[in-house]
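Enquirer: sequence unavailable; structure follows:
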């Protein structure tokens, strides 16, 4: 290609951008100026924990910091201080079910009934008319319930005194409460009755009956305190008898008895009945024995 005269343009060969085809440009906005870097602040130092002098302390095994003894973890490093187990909340109380509550109520009712029965047994008496024996020495032996207790009739009875044949001591063992014995001594104190058995017997009880008719019962002296001795036990049993026309029993529980002695210690006095005067004699209608025969 041949350059024509007049088309030639002066060119700066030293600046490549100095050309008609290159358009210069400028930035519309000035560049932002970055702030000057600030110096780094020193890390804030926490003052070491200083325990109260009046509180006991414990040393941390991890960092050696001294901590109050009640702390669970170290004030400095957070390590656990104690080695024992952490406290555990107690388990919740079991809730009773309706069946359990009903069983508890039933148990309470049974206990209450048992206590009432025990109270009545202690304070209600034995209810069979027996004489009181609280002040007498205890000689009760356990009686085998499998052995049947039977009535045992003495072979004979002798009295320290008697008011003729009509009121002889033999009336005491004739099985008839309409007949009775009178002693001839004044007012019956120290009167004695001796019962003899044909063979050894184990006596469990003795039953005594006063005169049944109300008038003669009040007019004669009646036994009050008595003493009983037997030939197979070296004991003196004392009993206080009620002033009653009802038969009453006392417990003996002997082993091999052949002879029993009853002595009167005190009496209930005779009394006038209407126009009839009181008598000075002691009266007793019947004496019966119960137990078993021994070999």
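Expert: Arrived safely. All figures in this text were calculated on a predicted structure; none of them were measured in a lab.

Enquirer: distance check, residue 68 against residue 61.
Expert: Residue 68 sits 16 Å away from residue 61, going by CB to CB, to the nearest Å. C-beta: built from backbone N, CA, C; applies to glycine.

Enquirer: sorry, wrong one. I was asking about residue 230.
Expert: 87 Å.

Enquirer: between the two, which is the more surrounded one?
Expert: Taking neighbours as other CB atoms under 10 Å, residue 230 and residue 61 compare with residue 230 leading, 21 against 11.

Enquirer: how close does that one sit to residue 183?
Expert: From residue 230 over to residue 183 the distance is 22 Å, taken as CB to CB.

Enquirer: tell me how far residue 178 lies from residue 216.
Expert: Residue 178 is 11 Å from residue 216, by CB to CB.

Enquirer: out of the two, which sits in the more crowded spot?
Expert: More crowded of residue 178 and residue 216, by other CB under 10 Å: residue 216, with 17 against 11.

Enquirer: contacting residues around the more buried one?
Expert: Counting by CB atoms under 8 Å, 6 or more residues apart in numbering, residue 216 touches residue 283.

Enquirer: tell me the strands beside the strand of greatest length in the chain, with direction?
Expert: For the chain, the strand with the greatest residue count under DSSP state E is strand 192-209. Using DSSP bridges, the strands paired with strand 192-209 are strand 156-159 (antiparallel), strand 248-251 (antiparallel), strand 257-268 (antiparallel), strand 286-293 (antiparallel).

Enquirer: could you dump those to TSV with mean neighbour count?
Expert: As requested, these are arranged in TSV below (neighbours: other CB atoms under 10 Å):
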stretch	mean neighbour count
strand 156-159	17
strand 248-251	18
strand 257-268	18
strand 286-293	18
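
Enquirer: of all these, which one is nearest residue 55?
Expert: strand 248-251 (76.6 Å; CB to CB).

Enquirer: buried set for stretch 213-222?
Expert: By 16 or more other CB atoms under 10 Å, the buried positions in stretch 213-222 come out as 216, 217, 218, 219, 220, 221, 222.

Enquirer: average pLDDT across that stretch?
Expert: The average of the pLDDT scores along stretch 213-222 is 95.

Enquirer: go on, stretch 253-272?
Expert: In this model, stretch 253-272 carries a mean pLDDT of 96.

Enquirer: repeat that for stretch 66-79.
Expert: 82.

Enquirer: how long is that stretch end to end?
Expert: End-to-end distance for stretch 66-79: 12 Å, by CA to CA, to the nearest Å.

Enquirer: the strands in the stretch 51-200 of the chain, which residues?
Expert: Taking DSSP state E, counting those that start in this stretch as the criterion, the stretch 51-200 of the chain carries its strands at 57-59, 66-68, 150-152, 156-159, 181-182, 192-209.

Enquirer: deepest-packed of these, please.
Expert: Mean neighbours per residue, mean count of other CB atoms under 10 Å, is largest over the strands of the stretch 51-200 of the chain for strand 181-182, with a mean of 26.

Enquirer: before I go, just wanted to say thanks for your time.
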